[in-house]
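Chemist: just coords:
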């Protein structure tokens, strides 16, 4: 039903089970002339501390996206009509070498941002946020961040003497002054932690931590309000770790944490970002080998569609 | 524990893992003399737009039903004691020819209804509703309908030049005057749609659409009230697409839609139909190849048991 | 395509995905008048030393049997035309009490045999062979046995002070003089064992052990010859543990043993039993929770179909 | 990150995917000198009425526990620092003989309790509660019980003439005066039952039954209040059947019952036990063959971690 | 490692887990100028008599093909270097209407053939062979056929009054004179059949049937010889139903038949077609929902790669 | 049944489903005094080019090993009686840094070898061979190697500028003079390759490549003879990549290659190493997330048991 792609080999105008799966059947291209948003896969999965497999995240999210008809009923907009969006394909990653991988990510992301194209990155594990933040901070300066997750990801070290992995990117980003900790909010944090300082240390730096108890007992609308209060109108980067959602709704992930959000709640939270000045997104930790019946990748594809819808709404309002 | 079936080869009086699975161990027969309700399988899965597999729905729901002890605690009734119910087996379907299949369904259903036996149909995909509605309207006249679903199923066309598939039956039924749109309520609608008109066109015909936001933010009791207000005491057909439920609770389906009802909520909604003048049921879109650990088919079997309990309560009250 | 069952609720004349699954769509009944063979499920799985789950064996084998069209091309016979066969349903088993279960099995089997009906038993784990052998020996006297397996199942004890479990039935049967060890052949034995005496002790009693090396290096025809030489024309009971087959072909079993037979080889071996004077069968250790894509249960259903074909051939030849 | 185990072969200080999985990397030992709590596996699965497989529960829960960092953020305590805890390994069970198994369980548990070590038992099916209660009542006298479950487990008989199985332990325990019914509360009961007396009979004995409707419509805090009101400061045994939780959150179980608690709700309920005088725990019915993506075993491991945290809090407060 | 596709969004030069999956990373296009071969997906699955799901065959085979490095060691050729090959995408199919679908297939295939481009079709179920044969016969006249399968697919009717489904295409093709039965060989036929005439009737028409016994007992080289003897140098169409292979090697299919070929044997058979004058291929019945660990789709992708290698060898020899 | 471990918490003397899984229930320890062989896990999976997941290989192989009774019938020896063997646990690996990981592996392996203890390493992906070979060559000098695999693993580079990954270790080992190429034999090589030089270049260095065609067409005994001819009595290291086996028998691996060995064939090949002067082993590429029903890990556990049996036979013969 979607006609985003003029190349008939991709199966436009056909049912979701037909054709070659680019994201939302968008053109698969690196020509960015006139493009508003590039959907970019980053299939890196060596940063995880438990189950690997997110290297298949981008491919599977693309496939599941084909079930999405083009109009966002809840937000009343058709993002692929409002914006010119392309599927950029995947950035090359090197599983054995996180530093070389991070360089590739930052470099390719900068290339895209330099053409005034926004990036929606599909992971891959959460270690990819750091090189993405480096590229975005280079363009936008110190960033505000909305970070949905069950884990703070602000550990100093996960493996001996290794500064980089999926549990550390947000401490590194604060240290590198890519993020302003006072404009940084974490939503959905829960589960056993390593030490009480896992929470108190980021809080002392200024990070606002909305634990799952605050979100679920306080209610989604009050959480949305807290997000807007923290971010204001600053350029904000949004990072969504799918393990913010409960494993019942998102089993396909590397380090599942029980007691989380439902799919309805995460959708409402993301829609609640409307009005923020969003400059970039990542959606990480979807691990298809641990998914079943595609439920995690379908949720991820829908969340990515909501992200695009937010950008489309921004364009309607402020023309960007 | 259940002794619904006098034939010992079916395993009555034995544990759920024993025996040949007719629904609730009911007699497998087409002799309908004195029978109140026939449970009927309709294993047609060619009408789906994404994943096939609902052809195994009836068989698997029968199997999962064996775990159900006979007394409905919530509704305080034992339906197989109040009513004479049989397992009619499956209606013959032809995957390559939806028109021939629909004829079979309408014909067999009419044969059952003509003997004053009510039908509880187990799908199969949602395209089977149309021939079922044809048979019911032939007996009861223009029907009221309660329709649980994530999708409106009122598209004009899903495949080029094809009036019949699982996305179109309810528009066809309105056009054929099988349903009175003003006594037709959809519950649980959500997700990206094709155009905004997917919602507005049925509404303009008079259809009441309870989106998921209305249901979850307004609350289950207020939704139940809305249903009763819409239907009144008219003869009503109930159609339940299992994808009304969130894929976390019902992964085994063809076109899962995230952000839906929990199993507790759908059970409460169905129990809330008590008091309606129900003339028939279908329960569709259970796709066992995409289920895991039977959770979808167990939910479906329980919902079918609730349907039978509603009929048993009707009989207690009004003797029908 | 099969019309074994006159009850239309079972789905005779319909495709394999339709209807209520009795074995080969045979009548589900305990009326044995004029019946030649009863297919009997025995869903007992507490006797296993590793993975449970064979309690679902009979039900799943019935389901997979619906794919079998009625004519055995390799043996040139249609067993359900030559013989009157019924699906007897399941014998009641009690997972917590193997002794009570064994009594039920022997008693029900005797009831069937007493009506001059042969039994094809579908397990369940291998512990069910002992009570089956008791019933058969009561009718036929000391039995010859052809036993396909990867394990000898002639341990003295598997659990402390427990004479009965799936590793011991054939030693018990020899001790109880149900089997003549000199007319007892094991085919397919392999894998690590507990002590070298696991093999030498039965051999010293007279049991002929065809290890996998003998079968695969010597060839299937020579193994068949060995079987006939051992059994002659004595009344013979055939027991087939699906783990005789390699786990690649039969993953759905409790104690898989690598390095086994292919599905083609087991079929050829079973067809090679033609000419023996067979008085009963069991087919055990199919564990559906560990199967995938039904491949084990489809193989089991086919092997059961070969068993029935052997009986049909016997009837053609000697009228029994 | 956890350093509970001084033996480097277990993988202490390494990531969750490394090493040999004792529970929380605790020492695997039966030396109980100075030990506060022993985590004990009881892999018995013959007591179940539907799907077997809980024999793999203890092993899998141990494995999933390795993802748990040591500090309980919600309860603000590090149990393995406050208490000396060991992994006792598994008690020997005999699948074919529930009576012999129960004797083993009671005997081994008594041995542990006699050394003033508390027991956290990981099942196995719910039939193991009875021998555990026998051992605990021998030490503590008639017990109060908090019992999370979807089923009352107070049937008189599940299999013909069999007093023991997973549907009967709590009636047996009342009959044997191991439990004071007036200090016994069941939480989460739901689903079709056998007769209305399944509920009314225990209630008439004094058992407090919090059905799922009471829990979900009344709210978690009011349920916690009801628990405390029922138990007071009596020595209380806590039994958690994972099927109290909805199958969406805990598919890996033997008799799943739809319409249950979320993982967040069960965590909140368990944390709400803080302040009770807890003398023992069991956590039962986790069946890994029916789990997917470990979501059930991860939930179970977290619940066990909450149990240990409750004991650590008790020690802080009352030094026991 | 493969550089078949100049568009970097497809992930050329990257590892198999990167990028958007066209077959072998070939250009996804319908521009056929100068093209030698078009790989075409035909995701139709309504023709099957048991399990559906082949609608996902083309997509999954494309994905698995990315693991194939470009040089065929066994045949000593790099097909994508010798030939210009493209991924044409999928032909539009309509699950509810086999006749409309067949028209689409024939029409699109003719369009391709008319540009002197050969077709390698990826199914989809076996009913797609008929419209493919119609297109090929229109260009090449009455065809010789090599048909690998476990089933003859020459039934007259599978569903009541339905000439078209996956069990009938080859009888239809003979009737329509698309195939010369005397130049038609079936390889791998086995399993229970409907009547003995399932085999004898095609044989009487002249069809050469190599049953599995002939293939496995006679040996692969002698089967290859038989194929060449039957076909000679006539223009030949090759159809490979993946269920020719044993379900251990190819579980992901709709109607698995035990006792079949190994993956090594099918590869040797296909390589043995070298020297034939091949005009077209189809590879059908790969059903990903029933596959596990991709083993079926990887085998299918390799077989398709062998097909392309055969065409490359033909070009080397005869320049076509 | 096995009594290898005196610590009762490990479940010695109990059935395979009990207890904490060290390999073969061996003592889990790093005390190597008097020890002959250490089984060592190396859970590194970042070196793979397709599917990750081998990080769970060692843990799962340990679990599957519990099914192995202690006596090797085929080789007539009980290795754990002849040799003192321990489970050393896992070497710490760092997924994001292959160089740091390799250092750890070489260092820990040297520590073990320096105590005159042999190593049986369980991977992890094939990149771990290089650091293992470094440690072994340091002790034994330039090594002979028997290498079972479907891929040569002698690429120069798999990722841009990355000398280390699972496709390159054997070229590196030749370059570093750890291996004498003239005493190096590869067995089972098959599948599409990158260039014909993938085969010819190693051959030109002196490597003997037994392709799958040579092995299967020439026969297992002649392959064994070839191995002995190549190796002679030199100190030999054995590396077995589980993908040497066909994916039907070993689906749980990262880069499956169709058309391979059966489980019987690989067992026969490994047993055929008897008589070689073996100094070390690795068994790699078992990826449990892609396994089903444990069939790959059971095969791997059995192959490791055969390796230990070979060492036990060596000790009998030459006392080493």
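Modeler: Ah, there it is. This structure is a prediction, so every number in the text was calculated from the model and none was measured.
Chemist: Name the nearest residue to residue A:77, ignoring sequence neighbours.
Modeler: residue A:312 (4.9 Å; CB to CB, 6 or more residues apart in numbering or on different chains). In this view, the C-beta of every residue, glycine as well, is placed from N, C-alpha and C.
Chemist: what's near enough to touch that neighbour?
Modeler: Counting by CB atoms under 8 Å, 6 or more residues apart in numbering or on different chains, residue A:312 makes contact with A:77-79, A:82-83.
Chemist: please redo it, this time with the cut-off set to 6 Å
Modeler: A:77, A:79, A:82-83 (CB atoms under 6 Å, 6 or more residues apart in numbering or on different chains).
Chemist: Endpoint to endpoint, stretch A:278-293 covers what distance?
Modeler: End-to-end distance of stretch A:278-293 (CA to CA, to the nearest Å): 32 Å.
Chemist: Can you confirm whether that stretch lies near chain E?
Modeler: No: judged by CB under 6 Å from any CB of the partner chain, stretch A:278-293 makes no contact with chain E; its nearest approach is 9.6 Å.
Chemist: roughly how far is that stretch from the heart of the chain?
Modeler: Relative to its chain's centre, stretch A:278-293 lies at 7 Å (CA atoms, centre = their mean, to the nearest Å).
Chemist: What of stretch A:14-32?
Modeler: That offset, for stretch A:14-32, works out to 20 Å (CA atoms, centre = their mean).
Chemist: related to what we said a few turns ago, so the residue nearest to residue A:77 is in which element?
Modeler: Assigned by DSSP states H and E, residue A:312 belongs to helix A:295-318.
Chemist: Quick one: mean pLDDT over that helix.
Modeler: For helix A:295-318, the mean per-residue pLDDT is 95.
Chemist: SS state for the residue of the stretch 151-300 of chain A found nearest chain C?
Modeler: Closest approach between the stretch 151-300 of chain A and chain C, counting by CB to the nearest CB: residue A:292, at 13.3 Å. Of the three states, residue A:292 takes coil according to DSSP: H, G, I helix; E, B strand; the rest coil.
Chemist: wait, doesn't it sit right on residue D:292?
Modeler: Yes: taking contacts as CB atoms under 6 Å, residue A:292 lies within contact range of residue D:292: 5.1 Å.
Chemist: Please enumerate the shared neighbours of these two.
Modeler: Counting by CB under 6 Å, 6+ apart, the residues touching both residue A:292 and residue D:292 are residue B:292.
Chemist: Which secondary structure state is assigned to the closest residue to chain D within chain A?
Modeler: For chain A and chain D, the shortest gap (CB to the nearest CB) falls at residue A:251, measuring 3.9 Å. Secondary structure state of residue A:251, per three-state DSSP, is coil.
Chemist: tell me the contacts of it?
Modeler: Contact partners of residue A:251, counting by CB under 6 Å, 6+ apart, are D:293, D:295.
Chemist: didn't residue A:142 look like it was pressed against residue A:181?
Modeler: No: Residue A:142 is not in contact with residue A:181 according to CB under 6 Å; the separation is 9.7 Å.
Chemist: intersection of neighbour lists for those two?
Modeler: By CB under 6 Å, 6+ apart, no residue touches both residue A:142 and residue A:181.
Chemist: Which one's more surrounded, those two?
Modeler: Taking other CB atoms under 10 Å in any protein chain shown, residue A:142 and residue A:181 do not tie; residue A:181 has more neighbours (20 against 16).
Chemist: Need the pLDDT of the more buried one.
Modeler: Looking at residue A:181, its pLDDT stands at 98.
Chemist: Look up how far residue A:145 lies from residue A:37.
Modeler: As judged by CB to CB, to the nearest Å, residue A:37 and residue A:145 stand 19 Å apart.
Chemist: longest strand anywhere in chain A?
Modeler: The single longest strand within chain A, with elements called by DSSP state E, is strand A:179-189.
Chemist: Same question for it: list its buried residues.
Modeler: For strand A:179-189, a neighbour-count test (16 or more other CB atoms under 10 Å in any protein chain shown) marks A:179-181, A:183-189 as buried.
Chemist: measure residue A:210 to chain B for me?
Modeler: 20 Å (CB to the nearest CB, to the nearest Å).
Chemist: how deep is that residue tucked in, by neighbour count?
Modeler: A count of nearby residues for residue A:210, using other CB under 10 Å, gives 21.
Chemist: Repeat that for residue A:121.
Modeler: By the measure other CB under 10 Å, the count of residues near residue A:121 is 28.
Chemist: which residues pair with it across the strands?
Modeler: residue A:40, residue A:282 (DSSP bridges).
Chemist: doesn't residue A:284 make contact with it?
Modeler: No: the criterion here is CB under 6 Å, and residue A:121 misses it with residue A:284 at 7.9 Å.
Chemist: Identify the contacts common to those two.
Modeler: When contacts are counted by CB under 6 Å, 6+ apart, the set common to residue A:121 and residue A:284 is empty.
Chemist: could you list every residue that touches the residue lying farthest from the centre of chain A?
Modeler: Note on chain A: the largest C-alpha distance from the chain mean falls to residue A:8, namely 29.5 Å (CA atoms, centre = their mean). Residues in contact with residue A:8 (CB under 6 Å, 6+ apart) are residue E:30.
Chemist: State the distance from it to residue E:31.
Modeler: Distance of residue A:8 to residue E:31, given as CB to CB: 10 Å.
Chemist: Kindly report the residues of the stretch 101-250 of chain A close to chain D.
Modeler: Close to chain D, as judged by CB under 6 Å from any CB, the stretch 101-250 of chain A has residues A:192-196, A:246-248.
Chemist: Please list only the buried members of these.
Modeler: Buried by 16+ other CB under 10 Å: A:192-194, A:246-248, out of these.
Chemist: Tell me which two in those are the farthest apart.
Modeler: Pairwise distances across those (CB to CB) peak at 25.0 Å, for the pair A:194 and A:248.
Chemist: Leaving aside the residues adjacent along the chain, what's closest to residue A:201?
Modeler: Nearest residue to residue A:201, sequence neighbours excluded (CB to CB, 6+ apart): residue A:154, at 7.2 Å.
Chemist: you'd agree that neighbour is in a helix?
Modeler: No: judged by three-state DSSP, residue A:154 forms no part of a helix; its state is coil.
Chemist: ok, now which ones touch it?
Modeler: Going by CB under 6 Å, 6+ apart, residue A:154 touches A:170-171, A:202.
Chemist: Looking at those, which are in helices?
Modeler: Among the contacts of residue A:154, DSSP state H puts A:170-171, A:202 in helices.
Chemist: wait, which of these is closest to residue E:269?
Modeler: Closest to residue E:269, out of all of those and judged by CB to CB, is residue A:170, at 56.3 Å.
Chemist: got the contact list for that closest one?
Modeler: Residue A:170 makes contacts with A:153-154, as judged by CB under 6 Å, 6+ apart.
Chemist: Starting from residue A:156, give me the distance back to it.
Modeler: 11 Å.
Chemist: And for residue A:115?
Modeler: Residue A:115 sits at a distance of 36 Å from residue A:156 (criterion: CB to CB).
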